[in-house]
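Participant: Let me see the structure of the following:
(2 chains)
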Protein chains: 2
Amino acid sequence: MQRPDLLIRPFVEGDAPGAWRVLEPIIRAGETYALPRDMPEREALAYWTGADRRTFVVEKDGEIVGTYYLRANQAGGGAHVANCGYATSGAHRGQGIARKMAEHSLDAARAGGFRAVQFNFVVEANAPAVHLWRSLGILEVGRLPEAFHHPAAGYVDALVMFRWL
Amino acid sequence: MQRPDLLIRPFVEGDAPGAWRVLEPIIRAGETYALPRDMPEREALAYWTGADRRTFVVEKDGEIVGTYYLRANQAGGGAHVANCGYATSGAHRGQGIARKMAEHSLDAARAGGFRAVQFNFVVEANAPAVHLWRSLGILEVGRLPEAFHHPAAGYVDALVMFRWL
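Facilitator: Residues are numbered from 1 along each chain as shown, chains lettered A, B, ... in the order given. As a prediction, this is how the structure comes out:
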């Protein structure tokens, strides 16, 4: 899908404040990622942009509206399967940004020589994400019973989702 | 199961050489763990005994014949599910050491307040492990297609296994 208004490019150090503006409300909400809700900025950015992964940002009109990382899901004999994490600015939901990032990440993973992509922990209550992954052929290969404690919904299942590249 | 010949106790720094004697052949073989086969000793021990986990050793006649770790499988909303890794000395297989460690770890996880235990990446070709987990009620909740590249068998599935505590 062509989206000339959205520019996806590698994260550079100067993107840290913009990426944090996207990540902070998501981490603080604690509804989709199994990360500590009080995770400090420095620690969160170190995680999101770690040396073991490639991190990208989505720019719209010069503003960072999304960010994702791509890494090997396992080391050694598991290094041929990619893993990604995505975050979209709350003010820019429903504009196709997550889909654009997902498509970009599948291309990047394929180009990086990965054979498949796996998401280890998709909170099922995060319906838009589950719907988006399914629409891209990233399908459930596992169900982790009550693996996530959602601040509002309580214990909910998480899904393991997978797609060949 | 009472096994007065086996002592399970917390890992202490002086156990590093003994633990490495157990771990090194397993990592070098690359048949069961998704770790780099050439992982250096220091890095492997830092991983196995990291600050985010509790590590135990099994002693038999004063020798370390097994070791395992117990940690939260996820942070934040996923911190109520435990995860473990186990390693048994090659010279002491088939003596019930892995089972003893597994039982100990389930007790330790329960005592630590975890609600469940999850293994993220059980190489299905590792039949003794899969058999042992099933016999302890740790059952398959996911199947990762060809997620592991086994040095002899090629691409094989890995299982996600789970049990309530």
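Participant: Now do the host helix or strand of A:Arg143 against strand B:139-150, angle only.
Facilitator: Assigned by DSSP states H and E, A:Arg143 belongs to strand A:139-150. Here strand A:139-150 runs at an angle of 120 degrees relative to strand B:139-150 (axes from the mean of the first three to the mean of the last three Cα atoms, to 10 degrees).
Participant: if I pick whichever residue of chain A sits closest to chain B, what's in contact with it?
Facilitator: Nearest residue of chain A to chain B, counting by Cβ to the nearest Cβ: A:Gly142, 1.9 Å away. Every C-beta, even on glycine, is put in place using the N, C-alpha and C of the backbone. The contact partners of A:Gly142, taken as Cβ atoms under 8 Å, 6 or more residues apart in numbering or on different chains, are A:159-160, B:141-144, B:160.
Participant: And the helices in chain A?
Facilitator: A:16-29, A:41-48, A:97-111, A:127-135 (DSSP state H).
Participant: residue ranges with poor pLDDT in chain A?
Facilitator: Within chain A, the segments meeting pLDDT under 70 span A:1-2.
Participant: run the last query once more with 80
Facilitator: Along chain A, the parts satisfying pLDDT under 80 run over A:1-4.
Participant: what does it put close to chain B?
Facilitator: Counting by Cβ under 8 Å from any Cβ of the partner chain, the residues of chain A lying close to chain B are A:30, A:33-37, A:39, A:73-81, A:115-116, A:118, A:120-121, A:123, A:141-151, A:158, A:160, A:162, A:164.
Participant: What separation do you get for A:Asn73 and B:Ser89?
Facilitator: As judged by Cβ to Cβ, to the nearest Å, A:Asn73 and B:Ser89 stand 29 Å apart.
Participant: now do A:Ala129
Facilitator: For A:Ala129, the distance to B:Ser89 - Cβ to Cβ - is 43 Å.
Participant: ok, now A:Lys60?
Facilitator: Distance from A:Lys60 to B:Ser89, by Cβ to Cβ: 57 Å.
Participant: hmm, back to that, highest neighbour count among the contacts of A:Gly142?
Facilitator: For the contacts of A:Gly142, the largest neighbour count, defined by other Cβ atoms under 10 Å in any protein chain shown, is 27 neighbours, found at B:Leu144.
Participant: residues in contact with the residue nearest to that one when sequence neighbours are not counted?
Facilitator: Nearest residue to B:Leu144, sequence neighbours excluded (Cβ to Cβ, 6 or more residues apart in numbering or on different chains): B:Ala158, at 4.4 Å. Going by Cβ under 8 Å, 6+ apart, B:Ala158 touches A:78, B:34, B:121-124, B:143-144, B:147-148.
Participant: so A:Phe11 makes contact with A:Glu59?
Facilitator: No: with contacts counted by Cβ atoms under 8 Å, A:Phe11 stays clear of A:Glu59, the gap being 10.9 Å.
Participant: Can you pick out the residue with more neighbours from these two?
Facilitator: Taking neighbours as other Cβ under 10 Å, A:Phe11 and A:Glu59 compare with A:Phe11 leading, 21 against 16.
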